[in-house]
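Chemist: Next come a sequence and a model predicted from it.
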Amino acid sequence: MGRLVMKFGGTSVANIDRIRNVAQHVKREVDAGHEVAVVVSAMSGKTNELVAWCTEASPMHDAREYDAVVASGEQVTSGLLSIVLQGLGIQARSWQGWQIPIKTSDAHASARILDIDGSEIITRFKERKEVAVIAGFQGINEQTGRITTLGRGGSDTSAVAIAAALHADRCDIYTDVDGVYTTDPRVVPKARRLDRIAFEDMLELASQGAKVLQVRSVELGMVHNMPIFVRSSFDKPEDIDPHANQPPGTLICSEEEIMEMHVVTGIAFSKDEAQISVRQVEDKPGVAAAIFGPLADANINVDMIVQNVSEDGKTTDLTFTVPAADYNRAKDTITSAKAKIGYARLDTETDVAKVSVIGSGMRSHAGVAAKAFKALAERNINIRAITTSEIKFSVLIDAAYTELAVRTLHTLYGLDQA
């Protein structure tokens, strides 16, 4: 017998029929003798609807009231799933974040989890064999007593944090895909599902554009060494053996649990990028701070940075990328600081994409990036910028070449299905 946390996303609980399907997945694990906590998202589309209502009520709404409104989506789902489980003869009750409680910071709409007291749920596991159905994405700030939400994708984070607090054996994330793939199968049909992937690799994939899991949930899994299992909620519940070592899906775990580390694990890409070049800035101490300081103050995340110095060494060009959503704010911020920076002109480009090659095996292999640069050159794909880390390198290219670049690199590193 084990202890499981099962998390179901919006598409998995989109209507009553799908909630009944989720209940069958839960029943399967309960019948196998497991202690189960379920974390649910709002029904598909509901959070967007609630956000739109807040904006319609007032474009400059109070973030505390925004959280009170949008947290209700998960509350509805948790109640409905509890009702369906009770109808199947399973002891179940719903929990809101404040009832557990899930204690968070007071950053409304993007709160961080500080502490979770799982003692009452554990007691009910033992004394009542009760399934806890928990509203994801939400918590409470102890100082103010107000409901908080964790930001988009926060239900994944809730689930992993709750799994750690309950000392669960595993956190199962049920979604509309059946695991983590070497890249997006819609771009590369030969992409294959990974049986296992290390936390570090998954963290890079998630942060570089793969949308299977929220980045903070992977971070939490790594910190608490909590295995995360990504699987499909659309697999028939009756076709899955709950006692199998590993049913269909991808296990995210520590490197030590992976027998053979591949040099490259996967290829991620993001088209939500914008490039800004600050031209002919005087090459002197403090110039980088004058550019990136105001961007930091505006909470704009800068990713790739490339610096070129002129032949006479007196001026420099600084090129960097920002998320496309922050492009206009970043451009306005730099323009406002022109007097302090002292640049000649500002060049911008929004039709760009970032392609990232990720793999823990890079640590012990030389020339991995060089192979990619050569392969892209042979395809006449120009690289605008490059960044590297111990287990990843990224290239910035024209957006029109994204799919070609991803397919080329996927084949280059032997990731195509055999």
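Modeler: Nice, I can see it.
Chemist: CA atoms for contacts and neighbours, from now on please.
Modeler: Fine.
Chemist: where do the strands sit along the stretch 1-150 of the chain?
Modeler: 3-8, 35-40, 92-95, 102-104, 113-116, 131-135, 138-141, 146-149 (DSSP state E, counting those that start in this stretch).
Chemist: Okay, now the sheet partners of the first one, with direction.
Modeler: If I follow you right, that is strand 3-8. Strand pairing for strand 3-8, determined by DSSP bridges: strand 35-40 (parallel), strand 170-175 (parallel).
Chemist: Could I get those strands in TSV, plus columns for distance to Ala366?
Modeler: What follows is those, written out as TSV (distance: least, C-alpha to C-alpha, whole Å):
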stretch	distance to Ala366
strand 35-40	43
strand 170-175	35
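Chemist: out of these, nearest to Met261?
Modeler: strand 170-175 (21.9 Å; C-alpha to C-alpha).
Chemist: And the average pLDDT for the closest one is what?
Modeler: The average pLDDT within strand 170-175 is 95.
Chemist: Identify the residues contacting whichever helix or strand comes after that strand?
Modeler: Sequence-wise, the next helix or strand downstream of strand 170-175 (DSSP states H and E) is strand 196-198. Applying C-alpha atoms under 8 Å, 6 or more residues apart in numbering, the contact partners of strand 196-198 are 250-255, 258, 265.
Chemist: for strand 196-198, what is the average pLDDT?
Modeler: Here the average pLDDT along strand 196-198 is 94.
Chemist: list the helices and strands the very next helix or strand once past that strand packs on?
Modeler: Where DSSP H and E defines the elements, the next helix or strand beyond strand 196-198 is helix 199-207. Applying 3 or more C-alpha pairs under 8 Å, 6 or more residues apart in numbering; DSSP states H and E, we find helix 199-207 packed against helix 215-224, strand 250-253, strand 266-282, strand 345-358.
Chemist: Pull out the buried positions in the second one.
Modeler: Within strand 250-253, the residues that count as buried by 16 or more other C-alpha atoms under 10 Å are 250-253.
Chemist: got the domain boundaries for the chain?
Modeler: 3-256, 266-413 (the TED database).
Chemist: which of those domains sits most buried?
Modeler: Across these, averaging neighbours per residue (mean count of other C-alpha atoms under 10 Å) puts domain 3-256 on top, at a mean of 20.
Chemist: Between the two ends of it, what distance do you get?
Modeler: 22 Å (C-alpha to C-alpha, to the nearest Å).
Chemist: Now do the end-to-end distance for stretch 175-189.
Modeler: 20 Å.
Chemist: Enumerate every residue touching the residue nearest to Ile113 when sequence neighbours are not counted.
Modeler: Nearest residue to Ile113, sequence neighbours excluded (C-alpha to C-alpha, 6 or more residues apart in numbering): Thr104, at 4.3 Å. Thr104 makes contact with 111-115, 139-142, 148, according to C-alpha under 8 Å, 6+ apart.
Chemist: and if we set it to 6 Å?
Modeler: 112-114, 139-141 (C-alpha atoms under 6 Å, 6 or more residues apart in numbering).
Chemist: returning to that earlier point: now flag whichever of the contacts of strand 196-198 is closest to Tyr174.
Modeler: For the contacts of strand 196-198, the nearest to Tyr174 is Thr250 (10.9 Å; C-alpha to C-alpha).
Chemist: Run through the bridge partners of that closest one.
Modeler: Those that pair with Thr250 in a beta bridge, by DSSP bridges, are Val230.
Chemist: Can you tell me the SS state at Val160?
Modeler: helix (DSSP: H, G, I helix; E, B strand; the rest coil).
Chemist: Okay, it and Ala168: tell me how far apart.
Modeler: For Val160, the distance to Ala168 - C-alpha to C-alpha - is 9 Å.
Chemist: same deal with His365?
Modeler: Taking C-alpha to C-alpha, one finds His365 at 36 Å from Ala168.
Chemist: Excluding residues flanking it in the chain, which one is nearest Gln138?
Modeler: Thr149 (4.3 Å).
Chemist: OK, contacts around the one you found?
Modeler: Contacts of Thr149 by C-alpha under 6 Å, 6+ apart are 67, 109, 111, 137-138.
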